[in-house]
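> test case, fold it:
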Amino acid sequence: SLLHPAEVRSVFESLLETVGLATREDLAQPEFSAMEVLDFPDLHEGSIPEINFLEAMKTLMKACEVHDFSLKDIFYPEHARLKKLYSAVINFAKYKEGEIDWYAQIIQDAEEMKEKKARLEEENEILADTLIKL
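Residues are numbered from 1 along each chain as shown. Predicted structure coming up:
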């Protein structure tokens, strides 16, 4: 079956959102400082989302250890290649989720230790006051 580039792009946009790299709205927004240097910025309105999408995808693919991603993967998609790319992003998302869970647990443990330390310091003060009174 033929893979349509618009469908492939839609899946990649969803993956960009899933990993928190960019939303569809982010991709559509021009960088105003860059637009100011163009002689005819109106002529580039349609190309800005394409450039933003490509840059976001390059960033994502590098994070996924895919260093040969190109526009060909979107405009002339091949089933085996897409399977590899989707797999790389899914593995990255799972890894990232696991790392986030791990860091969240460390932060929670640190907060619990901080609370325990505060309780022990307060208890220590009470015991020191009691000792002084004796």
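> can you tell me the element the closest residue to F53 other than its chain neighbours falls in?
Leaving aside its sequence neighbours, F53 sits nearest to L27 (CB to CB, 6 or more residues apart in numbering; 5.0 Å). Backbone N, C-alpha and C define where each C-beta goes, glycine included. Element membership of L27 [criterion: DSSP states H and E] is helix 24-28.
> contacting residues around that helix?
13, 16-17, 48-49, 52-53, 56 (CB atoms under 8 Å, 6 or more residues apart in numbering).
> out of these, which is nearest to K116?
Lowest distance from K116 to those (CB to CB) belongs to E17, with 39.1 Å.
> return the set of buried residues in the helix or strand harbouring the closest one.
Using DSSP H and E, E17 sits within helix 5-18. Neighbour-count burial for helix 5-18, counted by 16 or more other CB atoms under 10 Å, picks out 8-9, 12-13, 15-16.
> packing partners of it?
Applying 3 or more CB pairs under 8 Å, 6 or more residues apart in numbering; DSSP states H and E, one finds that helix 5-18 contacts helix 24-28, helix 47-63, helix 72-75, helix 79-133.
> and of those, who's closest to L3?
Of all the helices and strands packed on helix 5-18, it is helix 79-133 that lies closest to L3, at 6.7 Å by CB to CB.
> quick one: that closest one to chain centroid distance?
Offset of helix 79-133 from its chain centre (CA atoms, centre = their mean, to the nearest Å): 20 Å.
> determine the set of other helices and strands touching it.
helix 5-18, helix 47-63, helix 72-75.
> send the alpha carbons of stretch 79-97 over as CSV?
Below are the C-alpha coordinates for stretch 79-97, written out as CSV (Å, rounded to 0.1, in the frame of the first residue of the first chain):
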residue,chain,number,x,y,z
HIS,A,79,7.3,1.2,4.8
ALA,A,80,10.5,-0.4,6.2
ARG,A,81,12.1,3.0,6.8
LEU,A,82,9.0,4.4,8.5
LYS,A,83,8.9,1.4,10.7
LYS,A,84,12.5,2.0,11.8
LEU,A,85,11.8,5.8,12.4
TYR,A,86,8.5,5.1,14.3
SER,A,87,10.3,2.5,16.4
ALA,A,88,13.1,4.8,17.2
VAL,A,89,10.7,7.5,18.4
ILE,A,90,8.6,5.1,20.4
ASN,A,91,11.7,3.7,22.1
PHE,A,92,12.9,7.3,22.9
ALA,A,93,9.5,8.2,24.3
LYS,A,94,9.5,5.1,26.6
TYR,A,95,13.1,5.9,27.7
LYS,A,96,12.2,9.5,28.4
GLU,A,97,9.1,8.5,30.3
